[in-house]
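In: Pasting a predicted model and its sequence here:
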Amino acid sequence: MSFSKIILQWYSGHKRTLPWRGSRDPYKIWLSEIILQQTRVAQGTPYYLKFVEHFPTVTDLAMASEAQVLKLWQGLGYYSRARNLHATAKKVAFDLGGKFPSTYEELMKLKGVGDYTASAIASICFDEPQPVVDGNVYRVLARYFGIDKPINDSKGSTYFKRLAREIMDVENIRDYNQGIMEFGAIQCAPQNPYCLHCPLNQSCVALQKNVVKELPVKLKKTKVRHRYFNYLVPITKNENGANSTLLRQRKSKGIWQNLWEFPLLESEGDIDLSQIKARIPEVLPLHGNSEVELFNESPIVHKLSHQHLYTKFWIVQSNTDLTGAIPFDALEEYAVPVLLADFIKTYKI
DNA sequence: AAGCCGGGGAG
DNA sequence: CTCCCAGGCTT
């Protein structure tokens, strides 16, 4: 039996039931694919369910504010996905009459939709024979065909895309694409694949050469940048006597764009109370009496894929009337990074 | 072509 | 700890 037929047969017996699986609604498939970019199914599924509940159609999503979308996206990471999701929803709802493009070529023009996602939507919703090549497919192809080309340079990705196109099942592209991804996720797993019990083990080149563990080949790892964040957490009473604080929206490029955070002092290294006091005026217009206290003695290390954030939270009690102060209870309305959400949860206890 | 962009789970 | 996840965008 051919490679694709084995994949199809395996898929028919092993596919998981997932909330979006079975649907041909391009809105739901698009939504699930954006959520699942670089994200495990287990992590993304609750977000998919939330989004579908809040926004049953692309027009519902388009009519929401970006703030609402980011808030629902909070904790999932790669926040440009949420911004692009909202921009594309508006385009589809308001410029394209609520109707998604139905071809790979047109889908590729949407923000946040690249080769993989366009192929997935085109094949799953419209039966267009476009092969998907995601992390799972790279792994399955690299092992089965014994290819040691790096998967993450331009030549490698072109090579694998061409190979994927040659072996795809054009007549069953919808199930085949989902099948090879599912096969990679469950059977041909990154670590400790159970090759003894694999339906492809008679013809898998990597297994025959005993190099399953070495494939796929991936170039270099990202260098980690170390940063020192000092969040100033203003505490003041507002006119109603409620404890209030201050948030700023990150507008610059870089991490967490358009999310909210406390006034931030970034430093070259770990700094102490006197250095903090000297720099407070850079971000907080305090007058009158104030008192600064360190919340966490040792920095909280928040790890992103390529940045380690050594973070201290400084509580700044003040009788200054801060313009734009937010009642502490209203913090939950704002989309904040997990680093801040964890602090807020701890501090409120 | 290389760098940037999150957070979490598995081993 | 390391690896990597239904990738895409920017420079």
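Out: Perfect, thanks for sending it. Numbers count the residues shown, from 1 in each chain, chains lettered A, B, ... in the order given.
In: any idea how far A:Thr222 is from the residue of chain A most remote from its centre?
Out: In chain A, counting by Cα atoms, centre = their mean, A:Gly288 sits farthest out from the average C-alpha position, at 43.1 Å. In this view, A:Gly288 and A:Thr222 are 45 Å apart by Cβ to Cβ, to the nearest Å. Every residue, glycine included, has its C-beta placed from N, CA and C.
In: one step back: distance check, the residue farthest from the centre of chain A against A:Arg162.
Out: 68 Å.
In: Same check on A:Val217?
Out: For A:Val217, the distance to A:Arg162 equals 17 Å [Cβ to Cβ].
In: These two: who's more crowded?
Out: Neighbours were counted for A:Val217 and for A:Arg162 using other Cβ atoms under 10 Å; A:Val217 has more, 14 against 11.
In: beta partners of the more buried one?
Out: Beta-bridge partners recorded for A:Val217 (DSSP bridges): A:Pro150.
In: Using CSV, list the CA coordinates for whichever strand or helix holds A:Ser4.
Out: Assessed by DSSP states H and E, A:Ser4 sits inside helix A:3-14. Extracted C-alpha coordinates of helix A:3-14, given in CSV (Å, rounded to 0.1, in the frame of the first residue of the first chain):
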residue,chain,number,x,y,z
PHE,A,3,2.4,6.0,1.9
SER,A,4,-0.7,8.1,1.6
LYS,A,5,-3.1,5.2,1.7
ILE,A,6,-1.5,4.0,4.9
ILE,A,7,-1.8,7.4,6.4
LEU,A,8,-5.5,7.6,5.4
GLN,A,9,-6.1,4.1,6.9
TRP,A,10,-4.3,4.9,10.1
TYR,A,11,-6.2,8.2,10.4
SER,A,12,-9.6,6.5,10.0
GLY,A,13,-8.8,4.4,13.0
HIS,A,14,-7.0,6.9,15.2
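In: is that helix anywhere near DNA strand C?
Out: No: using Cβ under 7 Å from any atom of the strand, helix A:3-14 stays clear of DNA strand C, coming no nearer than 9.8 Å.
In: Can you list the neighbours in contact with that helix?
Out: Outside helix A:3-14, the residues that touch it by Cβ atoms under 8 Å, 6 or more residues apart in numbering are A:1, A:144, A:167-169, A:172, A:175-176, A:178-180, A:182-183, A:186-187, A:199-200, A:203.
In: Same question for stretch A:311-323.
Out: Stretch A:311-323 has contacts (Cβ under 8 Å, 6+ apart) with A:228-237, A:244, A:246, A:262, A:270, A:276, A:280, A:284-296, A:299-302, A:339, A:343, A:347.
In: Looking at the residues you listed, which are in strands?
Out: A:228-237, A:244, A:290-294, A:300-302 (DSSP state E).
In: which among the residues you listed end up buried?
Out: Among the ones in strands among the contacts of stretch A:311-323, the ones that count as buried by 16 or more other Cβ atoms under 10 Å are A:228-236, A:244, A:290, A:292, A:300, A:302.
In: Give me the subset of the residues you listed that also touch DNA strand B.
Out: A:His302.
In: Out of the buried ones among the ones in strands among the contacts of stretch A:311-323, which comes closest to A:Leu76?
Out: Nearest to A:Leu76, judged by Cβ to Cβ, of those is A:His302 at 15.6 Å.
In: Contact partners for the closest one?
Out: Contacts of A:His302 (Cβ under 8 Å, 6+ apart): A:His308, A:Leu309, A:Thr311, A:Pro337, A:Val338, A:Leu339.
In: In stretch A:258-272, which residues are buried?
Out: Buried-residue list, stretch A:258-272, by 16+ other Cβ under 10 Å: A:Asn258, A:Leu259, A:Trp260, A:Glu261, A:Phe262, A:Pro263, A:Leu265.
In: residue ranges of the strands in chain A, please?
Out: A:225-237, A:243-245, A:248-249, A:260-261, A:264-267, A:290-294, A:300-303, A:307-318, A:326-327.
In: How far does the last one sit from its chain's centre?
Out: So that's strand A:326-327. Computed by Cα atoms, centre = their mean, to the nearest Å, the chain-centroid distance of strand A:326-327 equals 29 Å.
In: Residues of chain A that sit close to DNA strand C?
Out: By Cβ under 7 Å from any atom of the strand, the part of chain A that sits against DNA strand C consists of A:18, A:21, A:32-33, A:36-41, A:43, A:78, A:80, A:84, A:111-118, A:120, A:134-136, A:138-139, A:178, A:181-182, A:184-185, A:190, A:218, A:221, A:253, A:305.
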